[in-house]
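**Student:** One predicted model, sequence on top.
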Amino acid sequence: MKRATLRVLLVSLAGLLAAGCAAATAPTPAATPAPGAASPNDVAAAPTPAPTIESDDPVVVRIVELGRTDSRVNPLLREMTEKFGPRLTGSHALMEAERWARDQFEGFGLEARLERWGDVPVGFDRGPWWGRMVAPEPMDLDFITPAWSPGIVGPHRAAAIAYPTSVKAVAKLEDTLKGAWVLYTPAVKELDSSVKDKIDAALVDAQIAGTVRPDRDKSGKLVHTSGDFRIDWGAIPSLVDVRLRSDQHKEILSRIEAGESVELEFSIDNRFFRGPVPQHNVVADIVGSEFPDEYVIVGGHIDSWDGAQGVIDNGTGVATTLEAARLLMAAGARPRRTIRFMLWGGEEQGLWGSRSYVDANPDIMPRISAVLVHDGGTNFLSGLDVTPEMAEAAKEAFAPVFDLDEKKPFGLYFAKQLTPGGSDHSPFIAAGVPGFFWRQSGDANYGFTHHTQHDTLEHLRPDYQKHSAMVVALGAWGLANLDGQLDRTDSAPLGDRRSGVRMSGLTLTEVKEGSSAYHAGFRSGDTLARFEGKDIKSLMDLLPLIRAEREQFKMTVKRKGKLVELDIDYSKDPSAEKRKEREARRRARFGQLEYGEPFAGRAAGGGGLMNLLRGRGGSKAKANAKADDGEAKGQTPAPAGADK
């Protein structure tokens with residue numbers, strides 16, 4: 001991987017693109033096929049013709065046989081998402097899904113339990129919602145409200161009014177504001193935050209029904225779910241916050257500006273319940289026969305945003321984890337090391353399930369050989385990036401996967417270091433554990449479904465899911481049976497530019513004082529605006545910066561409502577010398593290494609999320625990169641000890 005000019009942003013960008021959902025006009029968040037209609041899972045019900053895998057290992061042969069002729073991965077995913085729907089952290093649906101997943105593991109014959117990782121202060125359940133423009137002509141609206149925000153008993157019909165840009169303007173409109181829907185205008189973005197706060201307070205005093213703002217999607221067709229759980233039962237928000245598809249918002253606003261009388265109506269069933277609400281990880285083990293206290297961990301996060309069904313993010317990873325466990329047990333697997341299956345909670349709020357597990361179990365970290373995380377959607381698993389020191393062991397472990405399916409290639413790639421990002425492998429990497437986020441490739445458009453109203457069964461690829469479940473099972477089996485654990489030598493991330501920074505969209509929500517980013521000139525609250533005079537409108541615009549190797553450049557940020565030009569200087573990056581020393585050690589041991597092409601197996605095409613972050617992938621991969629400026633990464637629920 002090339003040195004990046006903006007290494008301070010790489011982890012946050014990966015989190016926003018990888019991470020560990022949004023709006024609907026339908027009355028329920030789960031899209032259910034009509035009775036008798038063929039479902040995506042039904043398409044994959046028939047056995048998939050494929051050549052028999054060549055292996056001397058009867059467990060490998062049996063895993064592949066069962067995975068091809070008797071796969072349960074899609075029925076499991078369908079059952080979870082149709083029975084419980086989306087699984088927001090702190091919701092009743094997630095509680096029920098956790099117990100269901102535990103029971104599934106137990107039914108397969110594993111030792112399974114729930115481990116409490118913390119609490120959410122206030123619970124939240126989303127009921128049906130719908131909205132429309134009723135005048136001057138009818139139009140159904142595609143929208144969402146953030147999780148942990150209030151709904152409205154409806155339908156509530158009222159006038160739509162453009163957002164006033166001063167407290168005086170609010171006063172002039174006072175007689176018309178009560179119960180009204182207030183639409184954001186482009187001028188709102190230019191307001192100083194302190195001014196906007198005063199206007200918002202005046203609007204609340206005027207008793208408006210709520211605000212209507214456009215979704216950030218540039219195509220105008222998507223709405224993204226987000227939310228902030230950091231609320232107190234004694235101070236529940238009262239103002240409805242509608243996030244409308246941007247093309248519809250633009251049309252309504254243009255009618256208002258043209259002098260038309262516009263009326264909107266909404267019915268939104270959002271429900272709070274008193275906390276603290278206990279949160280859990282689901283944990284299940286196939287205990288090792290020779291090294292029971294050493295582990296290979298496979299998993300994904302079971303929570304989701306609640307604007308759709310939570311199928312792609314991350315019902316897919318839950319289902320492949322469950323099916324991998326079933327395949328291994330049904331194949332009679334008795335691994336040398338314990339294979340631990342984990343479904344983490346709180347990923348969408350900041351990786352809290354996995355972070356808490358790592359923090360609560362420091363004694364286990366040296367005994368974990370690898371952590372494999374599936375959280376990149378429904379495209380098939382197509383590779384891993386491993387450091388040269390662990391390459392031969394990984395090649396041995398994944399040997400059965402290389403020729404598993406001619407049309408679904410799998411490759412192992414050299415990595416200069418392990419790559420953290422916005423999913424549950426990251427806390428393990430921070431603790432020194434080899435953590436991996438699968439490469440994924442295929443035809444599915446991740447950006448179209450990621451945190452949007454389209455995260456539904458309709459966009460599942462059942463054939464990819466069947467294949468990926470076998471890859472997970474075979475990879476876990478191979479790693480668990482190696483003679484030793486993966487070699488961690490020189491695998492830790494180098495790059496002080498990454499440390500001390502959190503991002504939400506293009507905004508740096510935290511820049512720790514003393515960090516490299518702080519010394520370079522960035523500050524908390526800065527929003528990236530221009531690079532060398534070129535506008536930055538989305539995270540896609542950052543990709544060329546991540547690939548660049550420049551140490552000095554000009555960056556314009558928006559700071560407290562004003563544009564500020566910074567002379568960024570990373571030429572004295574303290575990690576530079578460490579990188580040179582690491583590469584020298586590798587050249588002496590391995591010779592010249594080829595980064596970017598597989599050293600074992602075959603390369604797959606574009607569409608992979610992590611390929612995009614590495615500067616690879618085709619047009620679909622680029623189309624998949626979507627900002628998520630609403631994610632509440634870095635927020636801290638109350639910790640808890642294990643509760644089994």
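**Tutor:** It's in. Numbering: from 1, shown residues only.

**Student:** for stretch 104-112, which positions count as buried?
**Tutor:** Neighbour-count burial for stretch 104-112 flags Gln104, Phe105, Phe108, Leu110, Ala112 (criterion: 16 or more other CB atoms under 10 Å). From N, CA and C alone the C-beta is placed, and that goes for glycine too.

**Student:** tell me the mean pLDDT for it?
**Tutor:** For stretch 104-112, mean pLDDT is 98.

**Student:** Do I have it right that Trp305 meets Val223?
**Tutor:** No - here Trp305 does not reach Val223: they are 11.3 Å apart, not a contact under CB atoms under 8 Å.

**Student:** More neighbours: these two, which one.
**Tutor:** Legend: neighbour count by other CB atoms under 10 Å for Trp305 and Val223, higher for Trp305 (31 against 28).

**Student:** Read off the pLDDT value for that one.
**Tutor:** At Trp305, the model reports a pLDDT of 98.

**Student:** ok, now the one 10 residues further on?
**Tutor:** Note on Gly315: pLDDT of 98.

**Student:** Would you quantify the distance from His459 to Gly332?
**Tutor:** His459 is 35 Å from Gly332, where distance means CB to CB, to the nearest Å.

**Student:** Ala308 looks like it's in a helix, true?
**Tutor:** No - going by DSSP: H, G, I helix; E, B strand; the rest coil, the assignment for Ala308 is coil, not a helix.

**Student:** ok, and the closest non-adjacent residue to it?
**Tutor:** Leaving out its chain neighbours, the residue that sits closest to Ala308 by CB to CB, 6 or more residues apart in numbering is Asp455, at 3.9 Å.

**Student:** and the one you found, how many neighbours does it have?
**Tutor:** Neighbour count of Asp455, defined by other CB under 10 Å: 33.

**Student:** how about the strands in the stretch 401-550 of the chain?
**Tutor:** For the stretch 401-550 of the chain, the strands defined by DSSP state E, counting those that start in this stretch occupy 411-414, 435-437, 439-441, 501-504, 507-511, 527-531, 534-535.

**Student:** To Gly315, which of these lies closest?
**Tutor:** strand 439-441 (14.9 Å; CB to CB).

**Student:** Run through the stretch 51-200 of the chain and note the low-pLDDT ranges.
**Tutor:** Applying pLDDT under 70 to the stretch 51-200 of the chain flags residues 51-52.

**Student:** next one: phi and psi at Ala391?
**Tutor:** Dihedral pair for Ala391: phi -60, psi -50, per degrees, to the nearest 10.

**Student:** Surely it is in contact with Leu412?
**Tutor:** Yes - here Ala391 lies in contact with Leu412, judged by CB under 8 Å, at a distance of 6.9 Å.

**Student:** picking that back up, who has more neighbours out of His459 and Gly332?
**Tutor:** Neighbour count, other CB under 10 Å: between His459 and Gly332, His459 has more, with 21 against 10.

**Student:** And this protein, what are its domain boundaries?
**Tutor:** By the assignment in automatic domain parsing, the chain contains the domains 68-122+276-492+624-639, 128-269.

**Student:** Export these as a markdown table, with columns for distance to Thr509.
**Tutor:** Formatted as a markdown table, these follow (distance: least, CB to CB, whole Å):
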| stretch | distance to Thr509 |
| --- | --- |
| domain 68-122+276-492+624-639 | 7 |
| domain 128-269 | 12 |
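
**Student:** so which of the ones you listed is the most packed in?
**Tutor:** Of all the domains of the chain, domain 68-122+276-492+624-639 carries the top mean neighbour count, a mean of 23, counting by mean count of other CB atoms under 10 Å.

**Student:** Low-confidence ranges, this structure, go.
**Tutor:** Short version for the chain, where the test is pLDDT under 70: 1-52, 495-500, 504-505, 516, 538-551, 570-573, 605-644.

**Student:** Quick one: distance of the longest helix seen in it to the chain centre.
**Tutor:** In the chain, with assignment by DSSP state H, the single longest helix is helix 462-480. Here the centre of helix 462-480 is set off from its chain's centre by 21 Å, with CA atoms, centre = their mean, to the nearest Å.

**Student:** Out of the domains of the chain, the one nearest Glu581 is which?
**Tutor:** Closest of the domains of the chain to Glu581 is domain 68-122+276-492+624-639, at 9.4 Å (criterion: CB to CB).

**Student:** returning to what we had before: just the buried residues of stretch 104-112: which are in helices?
**Tutor:** Per DSSP H, these map to helices at Gln104, Phe105, Phe108.

**Student:** Between these, which sits nearest Arg216?
**Tutor:** Gln104 (36.6 Å).

**Student:** Leaving out the residues flanking it, which one is nearest to that closest one?
**Tutor:** Distance criterion CB to CB, 6+ apart; nearest residue to Gln104, sequence neighbours excluded, is Leu322 at 5.5 Å.

**Student:** what separates the host helix or strand of the one you found from the chain centre, distance-wise?
**Tutor:** In the assignment (DSSP states H and E), Leu322 maps to helix 316-330. How far helix 316-330 lies from its chain's middle: 20 Å, per CA atoms, centre = their mean.

**Student:** Following that helix in sequence, what is the next regular element?
**Tutor:** Note on helix 316-330: by DSSP H and E, the next helix or strand toward the C-terminus is strand 337-344.

**Student:** what about that following strand, distance to the chain center?
**Tutor:** On the basis of CA atoms, centre = their mean, strand 337-344 sits 20 Å off its chain's mean C-alpha point.

**Student:** can you check stretch 137-146 too?
**Tutor:** How far stretch 137-146 lies from its chain's middle: 25 Å, per CA atoms, centre = their mean.

**Student:** before we move on, what about stretch 485-495?
**Tutor:** Stretch 485-495 sits 24 Å away from the centroid of its parent chain (CA atoms, centre = their mean).

**Student:** What lies in contact with that stretch?
**Tutor:** With CB atoms under 8 Å, 6 or more residues apart in numbering as the test, stretch 485-495 has contacts from 3, 7, 10, 294, 367-370, 386-387, 389-390, 393-394, 417-420, 429, 432-434, 479, 573, 575, 578-579, 582, 585-586.

**Student:** any idea how far the helix or strand encompassing Ser356 is from the chain center?
**Tutor:** Using DSSP H and E, Ser356 sits within helix 352-360. Centroid separation between helix 352-360 and its chain, computed with CA atoms, centre = their mean, is 17 Å.
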